[in-house]
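**Student:** give me a model of this one.
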Amino acid sequence: MTLVLDDFIAVRASKKAPSVAFHNDHAKRANRPKFLWGQLRVSLGIICFRKGKVASLPLMMRLIRTKGNTFKLQSAEMMLQLLFKWLPCPARARLLVDAWYMKKSLLLPLIAKSVTVIGQVR
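**Tutor:** Residues are numbered from 1 along each chain as shown. Next up is the predicted model:
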């Protein structure tokens, strides 16, 4: 089983949306400003393979309600703990993360459960 952990910005126009703020757009897409008005979310998904096709399906998403990156890491840890309570054998899991999530507080508990973590260290 292959899992994916990442964060993204859901672009919003309304100022009344919950937890809406300016966020740095790390994707640096063409024709987009460096900072986007929107909601920051952390997502945990699963990658499915069938007949030579690949799809990523979201399992859990969490709206980040505060500014700063600490809450993103705590949300990721909480989602993984919830998922591993329901998995029969977490040792067979692989987790794909981007470089931002390659932190000791997230990785060491996963390595202790024999989860394979794939990511790029800065």
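
**Student:** what is the burial count for K16?
**Tutor:** 6 (other CB atoms under 10 Å). In short, each C-beta sits where N, CA and C put it, glycine included.

**Student:** now do the same contact list for the nearest residue to I118 once chain neighbours are set aside.
**Tutor:** Distances taken as CB to CB, 6 or more residues apart in numbering place L96 nearest to I118, at 5.1 Å, with adjacent residues excluded. For L96, the contact set (CB atoms under 8 Å, 6 or more residues apart in numbering) comprises 2-5, 47, 118-119.

**Student:** and the furthest pair within those?
**Tutor:** Greatest spatial distance in those: I47 and G119, 14.6 Å, computed using CB to CB.

**Student:** grab the nearest non-local neighbour of R65.
**Tutor:** With CB to CB, 6+ apart, the residue lying closest to R65 is S19, at 4.6 Å.

**Student:** before we move on, what SS does that neighbour have?
**Tutor:** Assigned by DSSP: H, G, I helix; E, B strand; the rest coil, the conformation of S19 is coil.

**Student:** swap in M61?
**Tutor:** When classified by three-state DSSP, M61 comes out as strand.

**Student:** my guess is the residue nearest to R65 meets R41, correct?
**Tutor:** No - assessed by CB atoms under 8 Å, S19 is found out of contact with R41, at 9.3 Å.

**Student:** any common contacting residues for these two?
**Tutor:** Common neighbours of S19 and R41 (CB under 8 Å, 6+ apart) are 63-64.

**Student:** partners of the longest strand along the chain, with directions?
**Tutor:** In the chain, taking DSSP state E as the definition, the longest strand is strand 35-50. In the sheet containing strand 35-50, its partner strands are strand 2-11 (antiparallel), strand 21-24 (antiparallel), strand 53-63 (antiparallel), by DSSP bridges.

**Student:** now the contacts of L96 in a markdown table, with distance to M79?
**Tutor:** Conversion of the contacts of L96 to a markdown table gives the following (distance: CB to CB, whole Å):
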| residue | distance to M79 |
| --- | --- |
| T2 | 16 |
| L3 | 10 |
| V4 | 12 |
| L5 | 8 |
| I47 | 16 |
| I118 | 17 |
| G119 | 16 |
